[in-house]
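Enquirer: Here's a sequence, model it:
(one chain, ligands or ions: 1)
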Amino acid sequence: MITDYERLAAMNKDYLWHPFTQMKDYYHSEPLIIERGEGIMLYDVQGRAYYDGFSSVWLNVHGHNVPELNQAITDQLGRVAHSTLLGMANVPAIELAEKLVGITPKGLNKVFYSDSGATGVEIAIKMAFQYWHNQGVHGKTKFITMKQAYHGDTIGAVSVGAIPLYHDVFRPMLFPSHVIPYPYAYRHEGGETGALEATLTALRSLLETRADEIAALIVEPIVQGAGGIIIMPPGCLREMAALCRKHGVLLIADEVATGFGRTGAMFACDLEDVSPDLMVIGKGLTGGYLPVAATLATDEVYGAFYADYQDQKTFFHGHSFTGNPLGCAVALASLKLFEEWNLVEGVRTKASFVESKLAALKDRPYVGEIRQKGLMIGIELVRDKVSREPYDWAERIGVRASLRARELGMLTRPLGNVIVFIPPLVSNEAELDAMTDILAESILHVTEGG
Ligand SMILES: *Cc1c(COP(=O)(O)O)cnc(C)c1O
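Expert: A predicted model of the protein is given here:
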């Protein structure tokens, strides 16, 4: 008799094509099949328990199967599951918009919904483009992005993306963007100061010569996520924002990964008092429960679209599920929990605990750098600590460390040679203690042998 697991594993092989997955490798592996979650644990169909050490790819906030969030969805389900936002409204979409305007950086007063980070980014770049067009400013059609930037996987988002492994194959079908260096201090010969200078110099000279061709700069504020959890030197974001303002270029902050407490502030922009012209949020917006994203705009941006119909300044963009009531209802409930549990402040305390726990790893021979902002952590492994020579990609050191973590009861997913630890914000000290132990053990296992 075949077990439930065997039946599902066979169907998984036969019918599913997984994202960001080489299916040939996956085909020969033993698939993990999740059945349920409770708190920060996930359970597979064979009954094994795992810590959700990467917040189900960076989005879970309050854990899984949270009574308050479940209730919010159930209550809304009893009213209506979906109704469109095209020319009409629904109750939770309105109430959530008001809340979002209240918690986001000042000046962002309008909320445009979508259903994923990538669509939120598409909306931001289309808005920035049309913002100039609507005012009769022609030629400001290009975008600036940063090396190793990740903004999602739709064509527009990939056009402002700069991760060669993911994006190069599509280059011929993309619109070209200007790419400036990201201040990656660990891999810059001038260290933090040199990396910062290189970024600002590149941005300054681009803006001084080409600002009249450029609609906007898009940036992952303070922490670059998929590029390897790379943290900007202090003052970088603020200076970039000032340069954009000075040269009449819009600033788009992609807070999809950094938003909702992840970095120890509600938004990473808050860490440097930056108010972007457009801001994209997703992932943690619904507590990681349902696919809702949003693009927030200033009155200035919104105003460029607000006109008589025959002027043809309308933003002709939308999605079937824009402003989904179930998603907005759970986002509202999530924000209520943020307040009730003082979650953002809690993140800072938890972050210090994690930092002290991971300190012991710093001196290990194959740990190049431990990077952390709030509860967003990346540990870069290197073959040679002195020369900082990276592990060859073929060694798949990150993948092997993550597999070891899974054996030890924690889920995570690496970014190349960077081990990622992004626990749900609600994780308590005992849970963080256990997870960091597994993290350390997995790293030592694959680097120093065990
Ligand atoms: C995850 C992510 C996105 C894409 O969000 P999806 O919901 O996966 O489309 C965009 N930007 C950043 C910074 C992200 O981390």
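Enquirer: what about the strands in the stretch 201-350 of the chain?
Expert: Taking DSSP state E, counting those that start in this stretch as the criterion, the stretch 201-350 of the chain carries its strands at 214-219, 223-224, 230-231, 250-254, 278-281, 293-298.
Enquirer: can you list the residues of the protein near the ligand?
Expert: 116-118, 121, 150-152, 220, 225-226, 254, 256-257, 282-283 (C-beta under 6 Å from any ligand atom). Bear in mind the C-beta positions are built from the backbone N, C-alpha and C, glycine included.
Enquirer: Quick check: the farthest pair among those?
Expert: 116 and 220 (15.9 Å; C-beta to C-beta).
Enquirer: More neighbours: which of those two?
Expert: Neighbour count, other C-beta atoms under 10 Å: between residue 116 and residue 220, residue 220 has more, with 27 against 19.
Enquirer: Quick check: that one touching residue 254?
Expert: Yes - with contact defined as C-beta atoms under 8 Å, residue 220 counts as touching residue 254 (5.1 Å).
Enquirer: Spit out the residues that contact the two alike.
Expert: residue 151 (C-beta atoms under 8 Å, 6 or more residues apart in numbering).
Enquirer: Please give the number of neighbouring residues around the residue of the stretch 101-250 of the chain found nearest the ligand.
Expert: In the stretch 101-250 of the chain, the residue that lies nearest the ligand is residue 117 (2.1 Å; C-beta to the nearest ligand atom). If you count neighbours by other C-beta under 10 Å, residue 117 ends up with 28.
Enquirer: Looking at it now. What's its pLDDT?
Expert: Residue 117 is assigned a predicted lDDT (pLDDT) of 98.
Enquirer: Quick check: it vs residue 21, distance?
Expert: In this view, residue 117 and residue 21 are 19 Å apart by C-beta to C-beta, to the nearest Å.
Enquirer: mind listing the helices in the stretch 51-200 of the chain by residue range?
Expert: Here the stretch 51-200 of the chain has its helices, by DSSP state H, counting those that start in this stretch, at 55-58, 67-77, 91-103, 117-134, 155-159, 164-167, 191-210.
Enquirer: Kindly format the C-alpha coordinates of the first one as CSV.
Expert: This means helix 55-58. Output of helix 55-58 as CSV, limited to C-alpha atoms (Å, rounded to 0.1, in the frame of the first residue of the first chain):
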residue,chain,number,x,y,z
SER,A,55,9.2,33.1,7.0
SER,A,56,8.0,31.1,4.0
VAL,A,57,10.3,33.2,1.8
TRP,A,58,10.3,36.4,3.9
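Enquirer: got a list of contacts for that helix?
Expert: For helix 55-58, using C-beta under 8 Å, 6+ apart, the contacting residues are 42, 61, 225, 257, 262, 283, 284, 288, 413, 422, 423, 424.
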